[in-house]
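Engineer: Provided below for reference: sequence and predicted model.
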Amino acid sequence: MVNRKWAVKLVTNAQMLALMASRYPKESWNDVDILGVTVRATRTIYLNTTMNTTTEELEHTFLHELGHAMLYANGVLGEHNEELVERLSGFLHQYEITKRGELNRGLESGA
Ligand SMILES: [Zn+2]
């Protein structure tokens, strides 16, 4: 199986709105804050640096969009189940926290 690489791009809110306008019907996203979007056709995750104002928000949005990318990479097309995506990103966040914290401390203490 080929797991092609996905790119991540940081964009301003103005760039995000221009991207959305060029790709999706306005009714589907109008008046909604677009924190991030995953474009399957170009295998690119866009993160809105204007709307995600803290590192934690940016991380959460990235992991959420990574969930969409994982579904796309597994052939799940069309509208994704946002609850499923949130659960996947929750596990990814748990992984990240564990990797940074407990695992590092365990290695440092030789446990
Ligand atoms: Zn989503």
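Structural biologist: Nice, thanks for sending it over.
Engineer: Low-confidence stretches in the protein?
Structural biologist: 1-3, 110-111 (pLDDT under 70).
Engineer: Which helix or strand contains the residue nearest the centre of the chain?
Structural biologist: Closest residue to the average C-alpha location of the chain: Glu65 at 2.1 Å, with C-alpha atoms, centre = their mean. Assigned by DSSP states H and E, Glu65 falls within helix 55-73.
Engineer: moving C-terminal of that helix, what's the next helix or strand?
Structural biologist: helix 82-98.
Engineer: just checking, what packs against that next one?
Structural biologist: Counting contacts by 3 or more C-beta pairs under 8 Å, 6 or more residues apart in numbering; DSSP states H and E, helix 82-98 is packed against helix 55-73. From N, CA and C alone the C-beta is placed, and that goes for glycine too.
Engineer: in the helix it packs on, what counts as buried?
Structural biologist: 57-72 (16 or more other C-beta atoms under 10 Å).
Engineer: one step back: which strands and helices sit next to the helix holding Glu65?
Structural biologist: Counting by 3+ C-beta pairs under 8 Å, 6+ apart, helix 55-73 packs on strand 36-39, strand 44-48, helix 82-98.
Engineer: Select, out of those, the one closest to Ala7.
Structural biologist: Distance to Ala7, taken as C-beta to C-beta, is lowest for strand 44-48 among those, at 4.7 Å.
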